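okay, predicted coordinates and the sequence, questions at the end:
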2 protein chains.
Amino acid sequence: MGQRLVVIGGDAAGMTAASQARRLDGDLDIVALEKGRWVSYSACGIPYLVAGDVERLEDLVARTPQEFRDRHKIDVRLRQEAMSIDTAAGQIEVRDHEHGRTVRLPYDQLVVATGALPLRPDIPGINGETVLGVQNLGDAQRLLERNQRATARDVVVVGGGYIGLEMAESYLRLGAKVTVVDSAPEIMGTLDPDMGSLVRTAMIRHGIDVRCGSPVAAFEPGSVHLASGDTLNADLVVLGTGVEPNARLAAGAGIETGVKGAIRVNARQQTSVDGVWAAGDCAESFHLVSRQAVHVPLGTVANRQARVAGINLGGGYATFPGVVGTAVTKLCATEVARTGLNEWEAAAAGLAYVVGKIKATTRAGYLPEARPIVVKMLAERGTGRILGAQLVGEEGAGKRIDAVAVALTAGFTVEELVNTDLAYAPPFSPLWDPIQVAARKALGLL
Amino acid sequence: MGQRLVVIGGDAAGMTAASQARRLDGDLDIVALEKGRWVSYSACGIPYLVAGDVERLEDLVARTPQEFRDRHKIDVRLRQEAMSIDTAAGQIEVRDHEHGRTVRLPYDQLVVATGALPLRPDIPGINGETVLGVQNLGDAQRLLERNQRATARDVVVVGGGYIGLEMAESYLRLGAKVTVVDSAPEIMGTLDPDMGSLVRTAMIRHGIDVRCGSPVAAFEPGSVHLASGDTLNADLVVLGTGVEPNARLAAGAGIETGVKGAIRVNARQQTSVDGVWAAGDCAESFHLVSRQAVHVPLGTVANRQARVAGINLGGGYATFPGVVGTAVTKLCATEVARTGLNEWEAAAAGLAYVVGKIKATTRAGYLPEARPIVVKMLAERGTGRILGAQLVGEEGAGKRIDAVAVALTAGFTVEELVNTDLAYAPPFSPLWDPIQVAARKALGLL
């Protein structure tokens, strides 16, 4: 046996780092600690499990502990929670919930992949039985059990972000009356309000009741009271109120943390303490456009960071250049995506910009399948560099953001994007792709 | 009135150059000569017009001559054909087919946008009444008239490229028995044969009879004879046998031509003769990956070149950096796309490469909407620079090529693409987008 690598946290980041390290180094002694009952699952799939698109909870599990043991020689230990890290001694205190005992586990290298914790605002009644989160497979199981007992008739989703929208669609499709509540003046706070308002209009068209600008005052069995004085019926409340980095364990061990309390890492995913690495929702990222540290709790970022950590741990060399903040979601026929900086993020980074905002269609306008799409693109004054883009449209709109994400990463100007050879055929796009039309609009304003 | 700008050819390139010049210079005297009856139309839309998705032929016309006159002050002259250019005198000899006369038209600046001509191989019977092309709206009208008389029962499409596939789908949807004939050993010659064979398999699955490796020996009313000895029934033959640059007029005027006889242009779209510009299917492009002159007769390239020419003609400054050879098409549920260089193109450019080829799904594998996709990516040995990608898949596959096209244009390595922040949510993609999985595979082989 070679050195021992311990991974704390058995979800995307932890298991990706472990598998990647194993691929490069067959001799490593790899132990993965997971405090829950599942490893390596897609939390992003929970809305589709709840809606019934995915048959069984197990379908969201990419690999079982047994598969990790058999195929990757990774010793996955479920229901084992790391309680503290002694970085001087190179040991972890581990609580074994299965056997009710505490042991000390030595390590040579350590990956902290403790993920994120759901934000549960301090509102009366939030711990009630009908108020459920959407964070992990335990939550998924509770939501499924709730569905099996009786289909919820009145569902209130708190939080109009990605997960909120996806859960709203799931319950709408199950036949419930759905209300989405957001304390901010507009939903989708990661978009600019003019784009968020397009999403809200679409939600209302899809039959969702949307209440913005009024926080929840209290939860009660059967109802939700808003600060505005309104009361909503609610058999079930789903919380999509965001997450924060789960970095207390690392911070308690003296490992440096940064933005929002996330663990600070360098480009190789090393923390401030020698031999300790971090990846995923518990760690910081570097934003390639704002050039600032950010916390982006997304599975894509977690996997990319973990791949880099794993390569380095396996004896290779890799760096993670950073993120541009790409995200996409879907609510019934409506697709929503963003990348880079929105207006307030650009302003906060001290960047001046012009805005190219256009309406187009997803396919050639003369085809019956052509669907509306609105694209908003920000370009830096002076340089013309693309700073970010947001889009709201229907079928075929969402993944168009990828071309902008690559362009942003490459530091393209809007003119360079206009001149890029994107794919065209009438069933796929108008001759000028909508993202290029937005780029042309911005170019004209520079 | 300012200087006179004459545009020869009233399709995408010509009218885009004219409109763009007008936008920047309100004083230009702009005349556009078009030998046919239509300007500014989508020839790419013809298969969808034939299939009945597009109601009227006029729906494919983006702007009428009247609209160009009224809104853009562009004097569009239909049925007027430029017969010769006297570059020394700055005059064009124009045949007015409407009034049966020939006039001389002076110009200060000239844009040659004469497009491409369909290749009609020298095969007995190719000029028969049942053998139709798909090049312009005149062809479209003939195809529609043919449909109106009687639905063709047996359709033979000659040429298994983009237009061949699209026309095959159109007639399949109209209820015909469709055979696609290609003289090459595999269809889709712009893909590598291993990818082309995936398309052929899909075509057969969709109910199309595919005959490769045997050229047509002769056309007869009612049948097509192959060199192999086989005879196919054919009420209707559709030619999708490619095009060549229509540069005879320019060459006759002593304007320099290059690859495949296309007009040579610099980055501002200027030809070798002062005051004469060229854009679109009659002109060369520069390939950003092979760094060689190429002829890419696509509407997207035509429009981009013409935009650049128009800006320069209007007094601005713009350059067209070049193309990466992106294209996409669709045959029933099958989507096909490519960008950059394929294997033989890379070899011809003297580039050594590794191939990352993978099977994945278009969406999270646990969703019922997940569809198969195969991605093949070429990366340069040594540098790891992306050289090209090809993909064949189902719904949601095709436009993924855009992210690779941008990455190619930016000179990304496969590792840089792996680290790029692409959009993920289960209804849009697996956590690692298929194009990144292909990039990872190539990276592992470097």
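Everything's here; your move.

any idea how far the residue in the stretch 151-300 of chain A that chain B sits nearest to is from B:W432?
Of all residues in the stretch 151-300 of chain A, A:T300 sits closest to chain B, at 4.6 Å by CB to the nearest CB. (Glycine included, C-beta is placed from N, CA and C.) Distance, A:T300 to B:W432, using CB to CB, to the nearest Å: 8 Å.

and the strands in the stretch 151-300 of chain A?
A:154-158, A:177-182, A:209-212, A:216-220, A:222-226, A:231-234, A:236-239, A:243-245, A:276-278, A:285-286, A:293-294 (DSSP state E, counting those that start in this stretch).

what's the longest helix anywhere in chain A packed up against?
Ranked by residue count and defined by DSSP state H, the top helix of chain A is helix A:299-313. Applying 3 or more CB pairs under 8 Å, 6 or more residues apart in numbering or on different chains; DSSP states H and E, one finds that helix A:299-313 contacts helix A:12-24, strand A:109-112, strand A:276-278.

can you put those in JSON lines and add mean pLDDT?
What follows is the helices and strands packed on helix A:299-313, written out as JSON lines (pLDDT from 0 to 100):
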{"stretch": "helix A:12-24", "mean pLDDT": "97"}
{"stretch": "strand A:109-112", "mean pLDDT": "98"}
{"stretch": "strand A:276-278", "mean pLDDT": "98"}
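
so which of these gets nearest chain B?
It's helix A:12-24; of the helices and strands packed on helix A:299-313, that one is closest to chain B (CB to the nearest CB) at 7.4 Å.

who does the following helix or strand past the closest one pair with, and is each partner parallel or antiparallel?
Once helix A:12-24 ends, the next helix or strand along the chain (criterion: DSSP states H and E) is strand A:29-34. With DSSP bridges as the test, strand A:29-34 is paired with strand A:4-8 (parallel), strand A:74-78 (parallel).

I'd like the next helix or strand past strand A:29-34.
Using DSSP H and E, the first helix or strand after strand A:29-34 is helix A:46-50.

that following helix packs against which elements?
Using 3+ CB pairs under 8 Å, 6+ apart, helix A:46-50 sits against helix A:137-149, helix A:162-173.

buried deepest among those helices, which one?
Mean neighbour counts were taken over the helices and strands packed on helix A:46-50 using mean count of other CB atoms under 10 Å in any protein chain shown, and the top value, a mean of 24, falls to helix A:162-173.

any idea of the mean pLDDT in it?
Per-region confidence: helix A:162-173 scores 96 on mean pLDDT.

now do that helix and strand A:154-158, the angle between them.
Going by axes from the mean of the first three to the mean of the last three CA atoms, to 10 degrees, helix A:162-173 is angled at 170 degrees with respect to strand A:154-158.

ok so, going back, possible to save the helices and strands packed on helix A:299-313 as JSON lines with distance to chain B?
As requested, these are exported to JSON lines (distance: least, CB to the nearest CB, whole Å):
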{"stretch": "helix A:12-24", "distance to chain B": "7"}
{"stretch": "strand A:109-112", "distance to chain B": "19"}
{"stretch": "strand A:276-278", "distance to chain B": "17"}
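
between the ones you listed, which one is closest to A:L443.
helix A:12-24 (38.5 Å; CB to CB).

contacting residues for the residue of the stretch 151-300 of chain A closest to chain B?
The contact partners of A:T300, by CB atoms under 8 Å, 6 or more residues apart in numbering or on different chains, come to A:T326, B:D421, B:L422, B:A423, B:Y424, B:L431, B:W432.

if we use 7 Å, what do you get?
By CB atoms under 7 Å, 6 or more residues apart in numbering or on different chains, A:T300 lies in contact with B:D421, B:L422, B:Y424, B:L431.

what do you get for A:K260?
A:E244, A:P245, A:H295.

A:G384 touches A:L446, doesn't it?
Yes - the criterion here is CB atoms under 7 Å, and A:G384 meets it with A:L446 at 5.2 Å.
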